[in-house]
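# Compute the structure for the input listed below.
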Amino acid sequence: MDETIKEIGERKLLKRISKYVPNNQADDDTAELNLNEKKLLINTDLFVEGIHFSEITTSSNDVGWRSVAANLSDLAASGSDHFLGVTVGLVTPPNTQWLWVDGVYQGISECLEKFGGVLLGGDCSQGSERILSITAIGSLGDLRLHRSSAKPGDYLAVSGPHGLSRLGLALLQKDLNLSTTELPETLQKKALLAHQRPKPALAALKALKNTKPKDLPFRAGGTDSSDGLLEAINNLCQSSQCVAVLDPERLPVAENWPSGKIWDNWCLNGGEDFELVVSLPKTWANAWIKSNPKCQIIGHIEEGEPLIIWKDTREEIKPNTCFKHFT
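Prediction:
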């Protein structure tokens, strides 16, 4: 009996597809093209109504913004800080109102105006549900971040706090987990903005490049936390064949973040934070942290079979991502 995509799961599906892709291109979210002396990074993401967005939580304008920001975050997580543009594939049911479509493209344009690049073209078609397919193109500079470039002895660091987007979603959905929690208004505003208008970590990437010690090569492992912090770290471990050791006293949370099991879980597994998660030499990590107060060292890399463990207990931590493809 043939397996279904649900039974296979995303990770095994990607592994099976990778045999058709040359030069380990399936290892990261982006593909690299070498055109003479100019290298380009290309990334494609799909956004499906009911899975990635809904009218309850996301206006059409924010749908457009978030779809582009997610792609640009993938480019930044591979080392690109100069964006050339995007193409857009749009699928909508025939009864979709023009105002919704117009809002999507307004959001796309606003995000491009903020972070760079232009709308290069695309295609439209009718379908039974609303779907956006975004392909983004950026150029590559000196630093090429790979998930497979983490090394034992590296520090593990992030470009900003985690869990805000998940909190923003909970606020929009009026999650019952929040009924007994008093949250500062400033934290609520940050969370809503993080969910509806995420930003790729371009400033942090530029600071990462600028703070590299002169005696070190441009070598760092990297990805982004779009699918959750633990999932991002797990991807680094799997691709680099190493162990990540996390410090429980250094969870990257926002100011006034509540304590408790659910809040730790949202930090570690909430997803859609779009922060850089990097593995780099200690002197470089310390220089990066010093240049940007939002950046934080959260652990280190050791030799061993790929897994994530706590620093104090050495117990394994398994990702429990809130969103999973094909489930």
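# okay, the residue nearest to residue 199 when sequence neighbours are not counted: pLDDT?
For residue 199, ignoring the flanking residues on the chain, the nearest one in space by CB to CB, 6 or more residues apart in numbering is residue 69 at 6.4 Å. For every residue, glycine as well, the C-beta is placed using N, CA and C. On the pLDDT scale, residue 69 is placed at 96.
# Wait, a helix at residue 69?
Yes - membership of residue 69 in a helix is supported by DSSP: H, G, I helix; E, B strand; the rest coil.
# domain assignment for the chain?
What automatic domain parsing lists as the domains of the chain is 5-139, 147-310.
# Looking at these, spot the one closest to residue 318.
Nearest to residue 318, of all these, is domain 147-310, at 7.6 Å by CB to CB.
# Endpoints of the closest one, how far apart?
Its start and end residues considered, domain 147-310 measures 21 Å (CA to CA, to the nearest Å).
# Ok, stretch 138-157 next?
Using CA to CA, first and last residues of stretch 138-157 are 24 Å apart.
# I'd guessed the residue nearest to residue 199 sits against residue 273; true?
No - the pair residue 69 and residue 273 fails to qualify as a contact (CB atoms under 8 Å) at a distance of 11.5 Å.
# Between the two, which has more neighbouring residues?
Neighbour comparison, residue 69 and residue 273: the larger count goes to residue 273, with 30 against 25 (by other CB atoms under 10 Å).
# how close does the most centrally placed residue in the chain get to residue 276?
With distances taken as CA atoms, centre = their mean, residue 226 lies nearest the centre of the chain, 2.6 Å away. As judged by CB to CB, to the nearest Å, residue 226 and residue 276 stand 11 Å apart.
# Please apply the same query to residue 79.
Looking at residue 79 against residue 276, where the rule is CB to CB, the gap reads 10 Å.
# Now do the shared contacts for those two.
In the contact map built from CB atoms under 8 Å, 6 or more residues apart in numbering, the residues linked to both residue 79 and residue 276 are 205, 222.
# among the domains of the chain, which gets the worst mean confidence?
Of all these, the segment with the smallest mean pLDDT is domain 5-139, scoring a mean of 85.
# which stretches of the stretch 51-200 of the chain form strands?
82-92, 118-126, 131-139, 155-158 (DSSP state E, counting those that start in this stretch).
# Share the number of residues neighbouring residue 88, please.
What residue 88 shows, counting by other CB under 10 Å, is a neighbour count of 20.
# isn't it right up against residue 118?
No - here residue 88 does not reach residue 118: they are 11.5 Å apart, not a contact under CB under 8 Å.
# Between these two, which contacts overlap?
Common neighbours of residue 88 and residue 118 are not found (criterion: CB under 8 Å, 6+ apart).
# burial measure for residue 308, as a count.
Neighbouring residues of residue 308 were enumerated by other CB under 10 Å; the total is 21.
# and it, what helix or strand is that in?
Assigning secondary structure by DSSP states H and E places residue 308 in strand 307-310.
# What separation do you get for residue 275 and residue 163?
Per CB to CB, residue 275 is found 11 Å from residue 163.
# Also residue 318?
From residue 318 over to residue 163 (counting by CB to CB), the distance is 18 Å.
# who's more crowded, these two?
Of the pair residue 318 and residue 163, residue 163 is the one with more neighbours under other CB under 10 Å, namely 29 against 9.
# Touching, that one and residue 256? I think so.
No - counting by CB under 8 Å, residue 256 is not a contact partner of residue 163; they are 11.9 Å apart.
# Pull out the buried positions in stretch 44-52.
Across stretch 44-52, burial judged by 16 or more other CB atoms under 10 Å covers 44-45, 47, 49, 52.
# all strands for the stretch 201-327 of the chain, in order.
Going by DSSP E, counting those that start in this stretch, the stretch 201-327 of the chain shows strands at 221-224, 243-246, 276-280, 296-302, 307-310.
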